[in-house]
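K.L.:
my questions concern the predicted model and sequence given below.
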Amino acid sequence: MAQVETKSAEEDGFDDIRRAVTRRYGSSAKIDNITVATLGGSSRTVIFDLIESGKSRRLVSRQETYTGEEQMFLSTANQFHIMDVVFKHNFPVPEPVFEYDEADGMGHGFVSAFASGETMPKKIINASEFADLRRTLAARCGQLLAQLHTIDPSEFSFLEQWPDSVDTVTAFRERYDFYAELHPAIELGFRWLERNRAPAATKRFLHGDFRCGNLMVGPTDIHAVLDWECSHLGAPMEDLGWLCMRSWRFDHPELPVGGFGARKDLYEAYQAAGGEKVDPEVVRYWEIFGLVRWAIYNIMQAYGHVTGFRRSLAFAACGRNTSLVEYDLLMTLKGQYT
Amino acid sequence: MSQYLPDVHELLKTVQQYVREMGAKLKGGDKYDALVAAYLLGICERELRLGPDFNQNEKNGLADFLKTGGSVEELQKRLCEGIRAGKHDEDWDELLDLVLAQTVNNVAVVRPDHLSEIHRPNEN
């Protein structure tokens, strides 16, 4: 998360957040030390200190700024609900503080506690300060995924009708069809998935985007797991496959778990922490699905750019970067990437 | 049309170099945008240089595989429909090689260093 624009509380631009805060904490509550994170894709993210009752607390405000008809992410209301559930299970997630409501006039969004740490994948994967962390990170990921997957899924019943919970492969096929683009590699991926369906699994709660970039880490542990907008109910191996797919290995293809660890460490820790027995072939199925899905996300970003909903250099690049993901998909299908 | 030097490739490389140098002096989101802009200019330069041959190769490959003619878009559409309908299930390995070859060309334009050694072109 880049933090590039810091303003004092006296400057304009954050009165909406001030009003929302004073509605909840009283007219004496103030916000200060305000920072805007600029790399968010579909949200406005503002970090600030809440000063009330003589105490200061660092918080993060996140508001939806994009709700295109092809939207494939959970509402902020659902994300807030999810964070609330997992926080109560002592999962490392920023504490949810409050949701914006209609009276705030700020659309959809919420405020949570600020978590500090590093999220940049290449730093986590390469920097010497995280060398100790990397030795245990794959196992730690296995433990955390098992912790999520063993929460009673009925606590997330509000996700049952979300298309990804019903059938995530079908959901992404429908999203792909929405864009009406010609991508033989994606067609080929979907065809392979259709012909090699994973065995039916008991649905569990999945993070849906568990990988470097969404892990806020310190030198020895994961401080917080971020970004719950892709969460859904589904096969637990989907989360493991997503973490292991080629795209997240960056310049360390020899380390299949996120570019930092070995499959054995992930799988053993996952099982030891109560996760179901890992079948590597089923994980591979979900890796291939993950690459199809990641390619479609890139198409989505380019669609937002070319249709003018949200133009940006980065989203333009995403459209062309789709071919990089397709390459990884095809090389995985050929068995060249394992 | 005849244009004087520098040619369009050199012009794009010149602008790309400038954007990179400017980006190095910037911070945060502006620096990031400058890096992405330079990246996009690199794609434009490679597409102008490599695109015509790649397009012809793509058309020939599709026509050979599908045993029919047409524009690249028509052939791509037919291929996609055929894959979805399972018409090429029996030719899976050949199909995979065809689509991979075309994807290698796309990546050679977008970001050649993303390719595995076996597919990497001699010059970027």
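P.N.:
That came through fine.
K.L.:
okay, CA-based contacts and neighbour counts for the rest of this
P.N.:
Fine.
K.L.:
ok, is stretch B:104-122 in contact with chain A or not?
P.N.:
Yes - for stretch B:104-122, a contact with chain A is found by Cα under 8 Å from any Cα of the partner chain, at B:104, B:106, B:107, B:110, B:111, B:114, B:115.
K.L.:
now that stretch - C-alpha only, CSV.
P.N.:
C-alpha atoms of stretch B:104-122 as CSV (Å, rounded to 0.1, in the frame of the first residue of the first chain):
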residue,chain,number,x,y,z
VAL,B,104,4.6,-16.7,-26.5
ASN,B,105,4.4,-14.1,-29.2
ASN,B,106,2.0,-12.0,-27.1
VAL,B,107,4.3,-12.1,-24.2
ALA,B,108,7.3,-11.3,-26.4
VAL,B,109,5.5,-8.0,-27.1
VAL,B,110,4.3,-7.3,-23.6
ARG,B,111,7.2,-8.4,-21.4
PRO,B,112,9.8,-10.7,-23.0
ASP,B,113,11.6,-11.4,-19.8
HIS,B,114,8.5,-13.1,-18.4
LEU,B,115,9.1,-16.0,-20.8
SER,B,116,10.9,-19.1,-19.8
GLU,B,117,14.4,-19.6,-21.2
ILE,B,118,13.1,-22.0,-23.9
HIS,B,119,10.8,-19.3,-25.3
ARG,B,120,12.9,-16.1,-24.7
PRO,B,121,13.8,-14.2,-27.9
ASN,B,122,17.4,-13.3,-28.6
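K.L.:
what's it in contact with?
P.N.:
With contact meaning Cα atoms under 8 Å, 6 or more residues apart in numbering or on different chains, stretch B:104-122 is reached by A:320-321, A:323-324, A:327, B:42-43, B:46-47, B:50-51, B:54, B:124.
K.L.:
filter these down to the ones in helices?
P.N.:
A:320, A:321, A:323, A:324, A:327, B:42, B:43, B:46, B:47, B:50, B:51, B:54 (DSSP state H).
K.L.:
and the helix or strand residue A:146 falls within, what other elements does it pack with?
P.N.:
Using DSSP states H and E, the element containing residue A:146 is helix A:131-149. With contacts defined as 3 or more Cα pairs under 8 Å, 6 or more residues apart in numbering or on different chains; DSSP states H and E, the packing partners of helix A:131-149 are strand A:204-206, helix A:236-244, helix A:263-272.
K.L.:
and with 6 Å instead?
P.N.:
Judged by 3 or more Cα pairs under 6 Å, 6 or more residues apart in numbering or on different chains; DSSP states H and E, helix A:131-149 is in contact with helix A:263-272.
K.L.:
show me what the helix it packs on is packed against.
P.N.:
Partner elements for helix A:263-272 (3+ Cα pairs under 6 Å, 6+ apart): helix A:131-149.
K.L.:
please redo it, this time with the cut-off set to 10 Å
P.N.:
helix A:131-149, helix A:236-244 (3 or more Cα pairs under 10 Å, 6 or more residues apart in numbering or on different chains; DSSP states H and E).
K.L.:
so out of everything in the stretch 151-300 of chain A, what residue is nearest chain B?
P.N.:
Residue nearest to chain B within the stretch 151-300 of chain A: residue A:184 (5.3 Å; Cα to the nearest Cα).
K.L.:
which residues are in contact with residue 100?
P.N.:
No chain in the question, so chain A it is. Taking Cα atoms under 10 Å, 6 or more residues apart in numbering or on different chains, we find residue A:100 in contact with A:17, A:20-21, A:61-63, A:76-77, A:106-111.
K.L.:
chain B was what I was after
P.N.:
Contacts of residue B:100 by Cα under 10 Å, 6+ apart are A:184, A:185, A:326, A:327, A:328, A:329, A:330, A:331, A:334, B:94, B:106.
K.L.:
many thanks, I have nothing further to ask.
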